[in-house]
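Engineer: one predicted model, sequence on top.
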Amino acid sequence: MPNAKKKSKKIEEVLLRKRESIWKKATKKDIDTFFKYAEGYKDFMKAAKTERETVAKVVELARTNGFREISEFKQIKPGDRFYEVNKDKMIILGVAGKKSIDEGLNIITAHLDSPRLDLKQLPLYEDGETEIALFKTHYYGGIKKYHWVAFPLAIHGVVYTKDGKKVSIEIGEKAGDPVFIIPDLLPHLARNVQGERKLFDGIKGEELNIIVGSIPVQDEDVKQKVKVAVLDYLNKNYGIVEEDFVSAELEAVPAVAPMDSGFDRSFVLAYGQDDRVCVYTALTALMELEKPDKWCLAVFYDKEEIGSAGNTSATSYFFENFVANLCMMCTEQHCGCDVKSVLERSKALSGDVDAGVDPTYKEVHDLNNAAKMGYGIVVTKYTGVGGKYSANDAHAEYMGKVRQIFNKAGVAWQSAELGKVDEGGGGTVAKYLAMYNMDIVDCGPAVLSMHAPLEITSKADLYHTHLAYLAFYENMD
Ligand code: MN
Ligand code: MN
């Protein structure tokens with residue numbers, strides 16, 4: 001009996017897929033490494049609260065790491081580090097490889113837009129009875145609207161004046177700045193108005209109105225005294241008039257800096273981790289490359305949260321044109337390559353977050369196929385809704401390659417899908433790159449409270465996502 005028992009124990013060891021938390025065997029040194037990496041991440045997230053700010057921060061980090069605008073190059077040689085920005089909202093960065101570009105690129109994508117409240121094009125109004133001035137908003141991306149009330153907000157963005165002058169606004173972040181709020185109804189009086197509503201519609205879109213002021217101008221001849229006072233403030237401080245809002249993009253985002261969470265500080269709490277966590281982990285992996293074998297790109301898209309439409313999204317030709325341009329800039333060495341075959345031979349990871357299992361709501365997951373916090377980067381073979389509808393379903397062959405690379409590099413990874421069958425679902429940009437016939441699979445860290453004003457990631461997962469992306473760049477052939 002003892003022998004037979006020993007034998008089945010051995011069989012179990014060999015045959016069973018091992019799943020365990022990274023923390024379980026992490027050494028003091030490992031934990032120091034994860035925590036140090038998370039500090040850099042939090043600094044990045046602090047400065048990257050909108051798509052424009054994320055692009056600016058990516059450019060800043062890239063330039064200090066030797067990347068230059070593609071227009072600064074006449075020709076691109078192995079080891080060259082280059083980038084191009086599209087309309088301040090999308091960016092592609094790359095490192096030229098030793099092999100011909102003709103052999104295809106190793107690409108990691110991520111999206112740098114996050115759910116938020118956009119100000120409407122004419123946002124400012126004054127409520128006649130209460131004499132309070134407010135901004136009307138139109139939410140961006142899939143939010144639970146009730147998350148955004150009674151929560152401090154900052155306003156970030158740009159305004160173009162009638163003369164075409166660009167004015168940047170960021171208010172609510174610095175110490176001493178005022179912040180903004182959408183008040184919620186007190187529970188004492190909410191029974192009839194809100195009590196019967198379903199949770200998802202507990203707050204309606206047109207109720208997401210941000211208070212901006214209550215001190216009127218002291219002039220009996222003026223009708224909307226508080227509105228005019230707010231306009232006067234904006235004019236004195238930013239030089240804008242009401243019509244300028246029409247050529248503005250102002251976004252209300254949580255006025256909260258990234259923080260550690262938990263007694264053990266194992267989690268990062270921050271706004272916009274979907275999907276700037278993949279932007280940062282991919283960017284830091286790309287910056288670590290010196291002269292990779294393959295040409296490596298990081299492609300950071302905008303507009304993923306609203307369905308990847310528009311010229312800064314994953315359905316824009318900007319990416320394809322960029323690669324075509326690269327092909328021309330290396331023609332002396334690699335004559336004859338064309339963009340179609342380069343893209344067809346490329347391999348990609350679609351860096352995007354997956355849902356971590358929330359201990360309070362486990363029932364939405366099939367736990368054997370769900371992502372756990374602290375268990376490493378999540379490989380999501382397919383996304384989609386109900387019967388994999390509209391999914392990019394990566395091929396077994398490609399899953400095999402990715403898995404081999406991660407295992408060889410000692411990356412902690414897990415396989416998961418977004419919730420139980422027919423529970424819900426979602427999509428990513430993967431399907432748009434798959435159109436080029438390139439292989440691509442979704443792959444990113446798990447997040448708790450996804451799309452809430454503050455999202456949660458595990459510091460161990462952050463670091464292993466970075467490791468996974470680096471291993472992909474270096475070893476995918
Ligand atoms: Mn995402
Ligand atoms: Mn999302």
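Structural biologist: Perfect, I can see it now. Ligands and ions are numbered 1, 2, ... in the order given.
Engineer: what ranges do the helices span in this structure?
Structural biologist: Assigned by DSSP state H, the helices in the chain fall at 2-15, 22-25, 28-47, 51-64, 225-238, 273-288, 318-329, 339-344, 396-408, 430-434, 459-475.
Engineer: residue 390 is nearest to which of those helices?
Structural biologist: Shortest distance between residue 390 and the helices of the chain, using C-beta to C-beta, is found for helix 430-434: 7.2 Å. (C-beta placed from N, C-alpha, C; glycine too.)
Engineer: who does the closest one touch, helix- and strand-wise?
Structural biologist: Where contact means 3 or more C-beta pairs under 8 Å, 6 or more residues apart in numbering; DSSP states H and E, helix 430-434 is packed against strand 105-111, strand 347-350, strand 439-444.
Engineer: give me the angle between the last one and strand 105-111.
Structural biologist: Orientation check (axes from the mean of the first three to the mean of the last three C-alpha atoms, to 10 degrees): strand 439-444 against strand 105-111 gives 40 degrees.
Engineer: contacting residues around the residue in the stretch 301-450 of the chain positioned nearest to ligand 1?
Structural biologist: Residue nearest to ligand 1 within the stretch 301-450 of the chain: residue 352 (4.2 Å; C-beta to the ion). Counting by C-beta atoms under 8 Å, 6 or more residues apart in numbering, residue 352 makes contact with 110, 111, 274, 275, 278, 304, 428, 429, 430, 442, 443, 444.
Engineer: kindly recompute the last result at 10 Å.
Structural biologist: The contact partners of residue 352, by C-beta atoms under 10 Å, 6 or more residues apart in numbering, come to 109-111, 274-275, 277-278, 304, 378, 380, 383, 426-430, 442-445, 447.
Engineer: go back to the residues you listed and keep what's next to ligand 1.
Structural biologist: 274, 275 (C-beta under 5 Å from the ion).
Engineer: okay, now residue 381: neighbour count?
Structural biologist: 21 (other C-beta atoms under 10 Å).
Engineer: how far off centre is stretch 98-116?
Structural biologist: Counting by C-alpha atoms, centre = their mean, to the nearest Å, stretch 98-116 is centred 14 Å from the centre of its parent chain.
Engineer: what about it, average pLDDT?
Structural biologist: What stretch 98-116 shows for mean pLDDT is 96.
Engineer: and if you look at stretch 28-45?
Structural biologist: 98.
Engineer: give the contact list for the spatially closest residue to residue 443 that is not a sequence neighbour.
Structural biologist: Leaving aside its sequence neighbours, residue 443 sits nearest to residue 349 (C-beta to C-beta, 6 or more residues apart in numbering; 4.6 Å). For residue 349, the contact set (C-beta under 10 Å, 6+ apart) comprises 106-110, 278, 282, 377, 379, 394, 402, 430, 433, 439-444, 468-469, 472-473, 476.
Engineer: find the nearest non-adjacent residue to the spatially most central residue of the chain, please.
Structural biologist: For the chain, the residue lying nearest the average C-alpha position, counting by C-alpha atoms, centre = their mean, turns out to be residue 275 (1.6 Å). For residue 275, ignoring the flanking residues on the chain, the nearest one in space by C-beta to C-beta, 6+ apart is residue 111 at 4.6 Å.
Engineer: so the one you found sits against residue 274, correct?
Structural biologist: Yes. Counting by C-beta atoms under 10 Å, residue 111 does reach residue 274; the two are 8.3 Å apart.
Engineer: what do these two both touch?
Structural biologist: 304, 305, 352, 353.
Engineer: need these in JSON lines with pLDDT, can you?
Structural biologist: Converted to JSON lines, the shared contacts of residue 111 and residue 274 look like this (pLDDT from 0 to 100):
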{"residue": "304", "pLDDT": "98"}
{"residue": "305", "pLDDT": "97"}
{"residue": "352", "pLDDT": "97"}
{"residue": "353", "pLDDT": "97"}
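Engineer: most neighbours, which of those residues?
Structural biologist: residue 353 (29 neighbours).
Engineer: separation between that residue and residue 442?
Structural biologist: Separation of residue 353 from residue 442 (C-beta to C-beta, to the nearest Å): 9 Å.
Engineer: ok now stretch 92-110, how far from the chain's centre?
Structural biologist: The answer for stretch 92-110 is 21 Å, by C-alpha atoms, centre = their mean.
Engineer: how about that stretch: buried residues?
Structural biologist: By neighbour count on 16 or more other C-beta atoms under 10 Å, the buried set for stretch 92-110 is 92-97, 100-110.
Engineer: most proximal residue of the stretch 201-350 of the chain with respect to ligand 1?
Structural biologist: residue 275 (3.9 Å).
Engineer: and that residue, how close does it get to residue 89?
Structural biologist: 14 Å.
Engineer: what residues does the chain put near ligand 1?
Structural biologist: Listed as neighbours of ligand 1 in the chain under the rule C-beta under 5 Å from the ion: 274, 275, 352.
Engineer: again, only using 8 Å
Structural biologist: Proximity of the chain to ligand 1, by C-beta under 8 Å from the ion, involves residues 111, 274, 275, 278, 304, 305, 352, 353, 426, 428, 444, 450.
Engineer: if you drop the residues flanking it in sequence, what lies closest to the last one?
Structural biologist: Meaning residue 450. Among residues not flanking residue 450 along the chain, residue 274 sits closest, at 5.5 Å (C-beta to C-beta, 6+ apart).
Engineer: list the helices and strands the top strand by length along the chain packs on?
Structural biologist: In the chain, taking DSSP state E as the definition, the longest strand is strand 116-127. With contacts defined as 3 or more C-beta pairs under 10 Å, 6 or more residues apart in numbering; DSSP states H and E, strand 116-127 has these neighbours: strand 132-140, strand 153-160, strand 209-213, helix 225-238, strand 248-254.
Engineer: give me that answer again for 7 Å
Structural biologist: On a contact count with 3 or more C-beta pairs under 7 Å, 6 or more residues apart in numbering; DSSP states H and E, strand 116-127 meets strand 132-140, helix 225-238, strand 248-254.
Engineer: show the average pLDDT along the second one.
Structural biologist: Across helix 225-238, pLDDT averages out at 98.
Engineer: tell me the buried residues in it?
Structural biologist: By neighbour count with 16+ other C-beta under 10 Å, helix 225-238 contains the buried residues 225, 226, 227, 228, 229, 230, 231, 234.
Engineer: show me where the stretch 51-200 of the chain dips below the pLDDT cut-off.
Structural biologist: Within the stretch 51-200 of the chain, no range satisfies pLDDT under 70.
Engineer: follow-up on the earlier one: any chance of the helices and strands packed on helix 430-434 in JSON lines, plus distance to residue 463?
Structural biologist: As requested, the helices and strands packed on helix 430-434 are exported to JSON lines (distance: least, C-beta to C-beta, whole Å):
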{"stretch": "strand 105-111", "distance to residue 463": "16"}
{"stretch": "strand 347-350", "distance to residue 463": "17"}
{"stretch": "strand 439-444", "distance to residue 463": "13"}
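Engineer: out of those strands, nearest to residue 59?
Structural biologist: Across the helices and strands packed on helix 430-434 (criterion: C-beta to C-beta), the nearest stretch is strand 105-111, sitting at 15.4 Å.
Engineer: now do the closest one against helix 273-288, angle only.
Structural biologist: Using the same axes, to 10 degrees, strand 105-111 lies at 150 degrees relative to helix 273-288.
Engineer: which helices and strands does strand 105-111 pack with?
Structural biologist: helix 273-288, strand 295-301, strand 347-350, helix 459-475.
Engineer: how about the ones you listed in a markdown table, adding distance to residue 78 and mean pLDDT?
Structural biologist: A markdown table is the format used below for those (distance: least, C-beta to C-beta, whole Å; pLDDT from 0 to 100):
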| stretch | distance to residue 78 | mean pLDDT |
| --- | --- | --- |
| helix 273-288 | 15 | 98 |
| strand 295-301 | 9 | 98 |
| strand 347-350 | 19 | 98 |
| helix 459-475 | 14 | 98 |
